[in-house]
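Trainee: Kindly return the folded structure for what I paste below:
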Amino acid sequence: MTATFKPCELHGTIDAPPSKSMAHRYLIGAALSGQACTLTGVDYSEDILATIDCLKALGAKMTTKEDRVFVDPQGFMQAEHPILACRESGSTLRFFIPLALCLGRTVTLFGSERLLERPLVVYEQLCREKGFSFQKDQNSVTLCGKLESGNYQIRGDISSQFITGLIFALVYLGKDSSMEILPPFESRSYINLTLSALRSFGADVSFADEYHIRIKAAALQAFCGRIEGDFSNAAFLDAFNRIGSEVTIGNLNSESLQGDRVYADYFEQLSNGTPTLDISDCPDLGPVLFALAALKNGATFTGTDRLKAKESDRGEAMHEELRKLGGGLIIGANTIVVPKQTLRYNGEVLDGHNDHRIVMALSVILSKIGGAIDGAEAVRKSYPGFFEDIIRLGAEVKLS
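Mentor: The predicted structure follows:
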């Protein structure tokens with residue numbers, strides 16, 4: 001799908017879409033609880049559909065209606081020959097590998113080629129140390145092992161998703177366990193989201209200190225509630241405000257633990273100077289921050305290495321597309337500099353790199369200067385209603 005923009009401004013009021021990060025965690029928490037739960041405010045992005053499919057494959061009954069998901073976990077973890085389809089969702093793959101290792105039998109998790117290129121070294125090392133089978137090819141990971149409660153060490157510098165995945169498994173196993181996170185510990189805010197979600201179901205999980213998590217045996221319980229709004233995707237909507245639009249965004253919890261809440265402060269700094277910003281704890285904001293910096297005064301970003309292992313290499317992808325517009329990035333070791341630049345559309349269609357956040361970041365730029373993006377359907381991964389929402393707010397964009 002191609003999205004073709006004319007220069008435009010957006011006006012109106014809109015709710016931020018539900019948090020994908022929280023939806024993953026609450027759906028899995030509901031299955032772990034062992035009791036029927038109803039979650040509302042769920043947005044059926046491709047990633048969330050992948051998690052729902054994997055829960056079904058493991059035996060949970062999942063019923064969807066409008067924005068509600070009814071979870072009946074009575075058969076969870078009882079499927080005889082589970083095959084888990086993770087689509088392109090890194091969260092789904094990394095959250096479900098440790099659960100698969102609790103079964104003590106062979107499980108295969110499938111995903112796109114790009115997904116399987118993303119690092120799984122933490123789990124490979126765990127399986128090697130435990131004597132478990134771990135086989136990875138272009139489109140799948142096949143595992144066999146019997147994970148047990150206990151004390152674990154896990155790296156904190158690759159992705160917090162590994163830590164969350166192991167927490168889910170240890171909660172499922174139902175005995176006292178502990179985890180030491182080896183520094184540097186990046187994206188700590190995502191672990192706070194995991195602990196908060198699990199505590200909603202009665203789990204006893206907490207930080208004992210800065211680098212240690214304790215998981216205590218606890219009787220889990222049902223939880224029914226609404227998924228809070230997503231600051232990650234709200235950032236793309238709010239970015240339009242920094243280039244002339246007037247959009248009021250609702251459905252955001254001012255007390256949220258989401259690390260991407262920092263976007264508002266970062267936007268303010270980009271609008272009023274040429275700051276140096278650390279994105280090691282909020283890598284999903286990278287593309288929209290680069291876009292806004294390119295339209296403003298430039299900036300320097302640190303903590304950027306993890307952008308290489310997302311749906312695309314997000315630094316290189318944004319550099320490639322900004323070059324088509326007369327700009328570009330300077331990519332260094334764990335650093336990306338966005339020089340002050342003047343962007344112009346010269347008729348060359350931009351490429352979305354099969355990355356939802358690249359497409360949305362480029363959409364912000366093209367709403368200012370006009371132009372077209374191929375591969376715009378990538379927004380379905382996290383924010384399927386993105387184009388419908390911005391069109392409703394007045395964006396002049398044609399989808400074809």
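
Trainee: give the contact list for the residue nearest to Leu393 when sequence neighbours are not counted.
Mentor: Distance criterion C-beta to C-beta, 6 or more residues apart in numbering; nearest residue to Leu393, sequence neighbours excluded, is Leu10 at 4.0 Å. (C-beta placed from N, C-alpha, C; glycine too.) Residues near Leu10 by C-beta atoms under 8 Å, 6 or more residues apart in numbering: Phe240, Ser245, Glu246, Val247, Ser367, Ile390, Leu393, Gly394, Ala395.

Trainee: Against Ser363, how distant is Leu10?
Mentor: Relative to Ser363, Leu10 is positioned 11 Å away (C-beta to C-beta, to the nearest Å).

Trainee: Switch the contacts of Leu10 over to TSV; also include pLDDT and neighbour count.
Mentor: Formatted as TSV, those follow (pLDDT from 0 to 100; neighbours: other C-beta atoms under 10 Å):
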residue	pLDDT	neighbour count
Phe240	98	23
Ser245	98	22
Glu246	98	13
Val247	98	20
Ser367	98	25
Ile390	98	27
Leu393	98	20
Gly394	98	16
Ala395	98	22
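
Trainee: could you check the distance from Glu396 over to Ile390?
Mentor: 10 Å.

Trainee: Now do the contacts for the closest residue in space to Gly131 that isn't next to it in sequence.
Mentor: Nearest residue to Gly131 in three dimensions, chain neighbours excluded: Gly145, at 7.6 Å (C-beta to C-beta, 6+ apart). With contact taken as C-beta under 8 Å, 6+ apart, Gly145 is in contact with Leu101, Gly104, Cys127, Lys130, Gly131, Phe132, Ser133, Phe134.

Trainee: got a list of what the last one touches?
Mentor: Contacts for Phe134 (C-beta under 8 Å, 6+ apart) come out as Tyr123, Glu124, Cys127, Arg128, Val141, Thr142, Leu143, Gly145.

Trainee: and whichever strand or helix holds the fourth one, which residues are buried?
Mentor: Element membership for Arg128, per DSSP states H and E: helix 121-130. By neighbour count with 16 or more other C-beta atoms under 10 Å, helix 121-130 contains the buried residues Val122, Tyr123, Leu126, Cys127.

Trainee: One more: stretch 211-218?
Mentor: Ile213, Ile215, Ala218.

Trainee: Out of those, list just those in strands.
Mentor: Ile213, Ile215 (DSSP state E).

Trainee: Ala235 - how many residues pack around it?
Mentor: Ala235 sits with 29 neighbouring residues when counted by other C-beta atoms under 10 Å.

Trainee: list the contacts for the closest residue to it other than its chain neighbours?
Mentor: Nearest residue to Ala235, sequence neighbours excluded (C-beta to C-beta, 6+ apart): Tyr263, at 4.1 Å. Counting by C-beta under 8 Å, 6+ apart, Tyr263 makes contact with Phe231, Ala234, Ala235, Asp238, Cys282, Leu285, Val288, Leu289.

Trainee: rerun at 10 Å
Mentor: Contact analysis of Tyr263 by C-beta atoms under 10 Å, 6 or more residues apart in numbering lists 231-232, 234-236, 238-239, 270, 282, 284-285, 288-289, 292.

Trainee: Keep only those of those residues that are in helices.
Mentor: If you go by DSSP state H, those have Phe231, Ser232, Ala234, Ala235, Phe236, Asp238, Ala239, Leu270, Val288, Leu289, Leu292 in helices.

Trainee: Just put those in TSV and tack on pLDDT and distance to Asp305.
Mentor: Converted to TSV, those look like this (pLDDT from 0 to 100; distance: C-beta to C-beta, whole Å):
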residue	pLDDT	distance to Asp305
Phe231	98	22
Ser232	97	19
Ala234	98	25
Ala235	98	21
Phe236	98	23
Asp238	98	26
Ala239	98	24
Leu270	98	21
Val288	98	18
Leu289	98	15
Leu292	98	21
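
Trainee: Out of those residues, which is nearest to Leu93?
Mentor: Lowest distance from Leu93 to the ones in helices among the contacts of Tyr263 (C-beta to C-beta) belongs to Ser232, with 18.7 Å.

Trainee: Do you know the pLDDT at the residue lying farthest from the centre of the chain?
Mentor: Going by C-alpha atoms, centre = their mean, the residue of the chain most distant from its centre is Asn346, 32.6 Å out. On pLDDT, Asn346 comes in at 94.

Trainee: Next, work out how far apart it and Ala294 are.
Mentor: Taken as C-beta to C-beta, the span from Asn346 to Ala294 is 15 Å.

Trainee: average pLDDT across the helix holding Arg128?
Mentor: Here the average pLDDT along helix 121-130 is 96.

Trainee: Buried residues of whichever helix or strand comes after that helix, list them for me.
Mentor: Scanning forward in sequence from helix 121-130 by DSSP H and E, the next helix or strand is strand 133-136. Within strand 133-136, the residues that count as buried by 16+ other C-beta under 10 Å are Phe134.
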